[in-house]
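J.: need the 3D shape of this:
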Amino acid sequence: MIRHERVEIVGAGPAGLSAALAASAGGARVTVYEKRADVGMRFHGDFQGLENWTSDYDVLAQLDGLGIRPDFDYRPVHEFVCFDPGGRAHPVRSAQPIFYLLRRGRDAGTLDQALKAQALAAGVDIRFGERRRHLERGGIVAEGPHRADAIAAGYQFETDMADGCYGAISEALAPGGYSYLLVDRGRGTVATCMFADFHNERHFVEATVDFFRREAGLRWRNPTRFGGSGNFHRVDAASVGGHLFVGETPGFQDGLFGFGLRYALISGHLAGRAGGAASEYDRAWRDRLAGLNAASLFNRRLFEWLGDRGRRLVIRRAVAGGDPRLLLRRVYAPARWKVTAARWLPSRPLLRHPEPPVPCDCTWCRCQREGAGAPARVGRSDPGR
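T.: Okay, here's the model as predicted:
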C-alpha cells in the first residue's frame, strides 16, 4: 500500500530512478529533480561492474523482480586475470557470471539511459536542470556521494585489444585498493581505485597504465581522462525526519572493492516501495542491507590490515580454492559476528539520528550533518578514515 500519493525524489542516478520505478508501480505520482541536463553526466561511457556474488540467484533476475528490466548493454564476465602484489598473474574462472560489465553515461545502451527510459515509460516526471535543496513534504534523496572515502581515476579509450578483464592489487598502484583494466568490443577503461593518498592520484594513474602496458599489452587510441569519488562507512540511519536517503548518500556502498551498483538499486527500490514512509523503509533496509554493510566494512578493515604481503598469500590460496564467485559470496556473506565487529570498527557514519536537531526540510544541510555527528566537509585529499 502506497503511503504517499505523491513522491518527490532528488537525483536521477540509479538509486533515484530505481526508487521512482518502485514508487510509480505502487501507485504514486512521482517527480524526480535532476540538477544536470541529463542522466549519467557524471560518467562518459566508462565501464563498471554489476556484482553477481552477494546472493545465490543472478543479479539480473533480482533486478527483474524489482521491476527493473535489464535492457541495457551488458556482458557477463566469467573469467578475469588477477595480479597479486608481487605482479604474478592468476587467471580465475567461474561457471556463473562473476559480474556483469556495463557502461555508464549519456550514450545509448548505458545503464543510466535504460533506467531513464523505463521511468519515463512508467509516467515518472523527470525535471532536468532543476536543483532542489528542500523537500517540504519530505521525499527520497539520491544525491550520490557527499564526501570522498575512495576515488577512481584513469582513462577511457578505443583499442584493438581482445576483450578481457584484469585486476591488480598493489600499494604501488592503488593505495588501499586496486587497479583494473576492462576491455569490451573496442572500448576500454583503465583506472586506479584508491582508498588513501589521494593527492598522488596522477602518479598512481600513470603507474597503473605502465603496469598494464607491460603485463597485459595495453594499447589505446584517443585516451580521455576521467575521475570520480565514492563514500561508504557504517550506515546507522538512512532517514532523517521525512527524508529517505538511498544509494551512496547515506553510505550504501561496497566498502571492500566499490561494487556498489547493486546496493544503490536495492536501496532505491526499498525507499520507493515504502512510498515515503520512513519507518517502513528503515525496517526494509535493515533487513536487506545492514548485514551486507557490516560485512563490507569488516572486509575493508581486514584488507587494510593484511597489507601487500598478506594479500599476496590470500590471493594465491584463494585461486587454488576453486570458483571465485563462490569464494566472494562467502567473504561477503552477512553474519552476526560481522555486524558486532563492525560496530567497533573505526567509521564515520553520514547519518546517525532519525530526527534532525531542528525542524528542517533540507535534502542535505549543515544542521543535519552536525546533528548527525558527520563531518561538515572532507577535502578531496582526505581518504575519509
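
J.: drop to CA atoms for contacts and neighbour counts, all remaining ones
T.: Will do.

J.: now the most centrally placed residue in the chain: how far from residue 26?
T.: Central residue of the chain (C-alpha atoms, centre = their mean): residue 260, 2.4 Å from the mean position. Distance of residue 260 to residue 26, computed by C-alpha to C-alpha, to the nearest Å: 25 Å.

J.: quick one: low-confidence parts of the stretch 201-350 of the chain?
T.: By pLDDT under 70, the low-scoring segments of the stretch 201-350 of the chain are 320-321, 346-350.

J.: all helices for it, in order.
T.: 201-216, 261-274, 278-288, 290-320, 324-332, 336-344 (DSSP state H, counting those that start in this stretch).

J.: mind giving me TSV with those and columns for distance to residue 108 and mean neighbour count?
T.: Shown next, in TSV, are the helices of the stretch 201-350 of the chain (distance: least, C-alpha to C-alpha, whole Å; neighbours: other C-alpha atoms under 10 Å):
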stretch	distance to residue 108	mean neighbour count
helix 201-216	28	17
helix 261-274	19	27
helix 278-288	32	17
helix 290-320	32	18
helix 324-332	30	18
helix 336-344	40	15
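
J.: mind checking these for the one nearest to residue 55?
T.: Across the helices of the stretch 201-350 of the chain, residue 55 has its closest neighbour in helix 324-332 (6.9 Å, C-alpha to C-alpha).

J.: quick one on the thing from earlier: may I see the helices of the stretch 201-350 of the chain arranged in a markdown table, with distance to residue 104 as well?
T.: Below are the helices of the stretch 201-350 of the chain laid out as a markdown table (distance: least, C-alpha to C-alpha, whole Å):
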| stretch | distance to residue 104 |
| --- | --- |
| helix 201-216 | 20 |
| helix 261-274 | 11 |
| helix 278-288 | 25 |
| helix 290-320 | 24 |
| helix 324-332 | 24 |
| helix 336-344 | 31 |
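
J.: which one of those lies nearest to residue 122?
T.: helix 261-274 (13.5 Å).

J.: what's that closest one packed up against?
T.: Applying 3 or more C-alpha pairs under 8 Å, 6 or more residues apart in numbering; DSSP states H and E, one finds that helix 261-274 contacts helix 14-25, strand 47-51, helix 278-288.

J.: after the first one, next one along is what?
T.: Looking back up the chat, that one is helix 14-25. Using DSSP states H and E, the helix or strand that follows helix 14-25 towards the C-terminus is strand 29-34.

J.: orientation of that next one relative to helix 261-274 in degrees?
T.: 140 degrees (axes from the mean of the first three to the mean of the last three C-alpha atoms, to 10 degrees).

J.: strand 29-34: partners in the sheet, and parallel or antiparallel?
T.: strand 6-10 (parallel), strand 125-128 (parallel) (DSSP bridges).

J.: return the shortest one as CSV; C-alpha atoms alone will do.
T.: It stands for strand 125-128. The C-alpha trace of strand 125-128 is given here as CSV (Å, rounded to 0.1, in the frame of the first residue of the first chain):
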residue,chain,number,x,y,z
ASP,A,125,8.1,13.2,-14.3
ILE,A,126,11.8,13.9,-14.6
ARG,A,127,12.7,17.6,-14.4
PHE,A,128,16.2,18.1,-15.7
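
J.: what's in contact with that strand?
T.: Strand 125-128 is contacted by residues 12, 30-38, 120 when judged by C-alpha atoms under 8 Å, 6 or more residues apart in numbering.
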